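Asker: Sequence first, then the predicted structure, then my questions.
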Amino acid sequence: MLAPLEIHMFPCLWDNYGFLIHSPETGETACIDTPEVDKIILALEEKSWNLTHIWNTHHHPDHAGGNLKLKEIYGAKIIGCEADRKRIPGIDIGISDGDRFNFAGHEVQIMETPGHTIGHIIYYVPSAKSAFVGDTIFALGCGRLFEGTPVQMYHSLSRIAGLPDDTALYCAHEYTLSNGKFALTVEPNNQALIDYVKDATSKREENIPTVPTTVLAEKSANPFVRAGSAKRLGEIRKAKDNF
């Protein structure tokens, strides 16, 4: 029986989170995105782990900007979206929707989730009941539509909502309180949302992360997941952009 994978989360930049996923059996360690090289190196040293892989969710600099430096230091293999190969620095392995690969004996499933960018992907690890979702979904929010359309984002969020309810969603930014303020303008009488924001506020007052969230929590309170149609999602996203 495989030993459970370990997930280590740590703050990076202004409001990003870095994530390491590690196999105590094989010693393999993947970094999900590369927001800040020094913080990633420090986290690896604190855990006495060696970086073997980098899993990129998308090409933005706060997600792929440290790829080349970390690859130079550790020789890590970089995995990213094949369709976005030209924008993923140092990419070694291109993957696409529906692909699966083995990480230390654990299956990793790939879902393309365009909307925030065209080439956005997420990494779902069923054995860890976890998904690394980049900037597609946030606690009580979703990514800005820099390249994609409301239809694409609606489909992407629907796919994430289709994962098991207890799946932990490791989103890449601490945006929950600002997202919550906006969400309450959309559904002011949603008790699940009210409770969610209250809990998040208490956590942030104690400097506790609100990440990861869960599929069930977002289905219950996230206005973008609950939009009901791509048209409505587009309206809510436009309102959030101007909030």
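Answerer: Perfect, I can see it now. The shown structure was predicted, so the numbers you read here are calculated from the model rather than taken from an experiment.

Asker: hey, let's count contacts and neighbours off CA atoms from now on
Answerer: Noted.

Asker: and the longest helix anywhere in the chain, what does it pack onto?
Answerer: In terms of residue count, the longest helix belonging to the chain (DSSP state H) is helix 191-205. For helix 191-205, the elements it packs on are helix 176-186, helix 215-221, judged by 3 or more Cα pairs under 8 Å, 6 or more residues apart in numbering; DSSP states H and E.

Asker: Alpha carbons only: can I get the shortest one in CSV?
Answerer: Extracted C-alpha coordinates of helix 215-221, given in CSV (Å, rounded to 0.1, in the frame of the first residue of the first chain):
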residue,chain,number,x,y,z
VAL,A,215,-15.7,21.4,-3.8
LEU,A,216,-18.7,21.3,-1.4
ALA,A,217,-17.9,24.7,0.1
GLU,A,218,-17.7,26.3,-3.3
LYS,A,219,-20.9,24.7,-4.5
SER,A,220,-22.6,26.0,-1.5
ALA,A,221,-21.3,29.6,-1.5
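
Asker: That helix: how far from the chain's middle?
Answerer: Here helix 215-221 is found 15 Å from its chain centre; the criterion is Cα atoms, centre = their mean, to the nearest Å.

Asker: returning to what we had before: out of the helices and strands packed on helix 191-205, which is the most enclosed?
Answerer: helix 215-221 (a mean of 21; mean count of other Cα atoms under 10 Å).

Asker: what sits against Ser178?
Answerer: For Ser178, no residue meets the contact criterion (Cα atoms under 8 Å, 6 or more residues apart in numbering).

Asker: repeat for the one 5 residues further on
Answerer: For Ala183, the contacting residues are Leu140, Gly141, Leu193, Asn222, Pro223, by Cα under 8 Å, 6+ apart.

Asker: switch to 10 Å and redo it
Answerer: Ala183 makes contact with 140-141, 176-177, 190, 193-194, 197, 221-224, 236, 240, according to Cα atoms under 10 Å, 6 or more residues apart in numbering.

Asker: Show me which of the residues you listed are buried.
Answerer: 140-141, 176-177, 193-194, 197, 221-224, 236, 240 (16 or more other Cα atoms under 10 Å).

Asker: Could you dump these into CSV with pLDDT and distance to Leu5 added?
Answerer: Shown next, in CSV, are the buried ones among the contacts of Ala183 (pLDDT from 0 to 100; distance: Cα to Cα, whole Å):
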residue, pLDDT, distance to Leu5
Leu140, 98, 27
Gly141, 98, 27
Thr176, 98, 26
Leu177, 98, 30
Leu193, 98, 31
Ile194, 98, 33
Val197, 98, 30
Ala221, 98, 29
Asn222, 98, 28
Pro223, 98, 32
Phe224, 98, 30
Ile236, 98, 37
Lys240, 97, 36
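
Asker: Can you tell me which of these is nearest Ile40?
Answerer: Distance to Ile40 across the buried ones among the contacts of Ala183 (Cα to Cα) is lowest for Thr176, with 22.9 Å.

Asker: so what's that closest one up against?
Answerer: So Thr176 contacts 138-141, 182-183, 196-197, 200-201, 204, 209-211, 213 (Cα under 10 Å, 6+ apart).

Asker: next one: Ile121
Answerer: 55-58, 80-82, 84, 95-97, 110-114, 132-136, 156.

Asker: Same question for Pro35.
Answerer: By Cα under 10 Å, 6+ apart, the neighbours of Pro35 are 11-13, 16-19, 60-67, 172.

Asker: and which of these is nearest Pro4?
Answerer: Phe19 (16.0 Å).

Asker: Perfect, that will be all.
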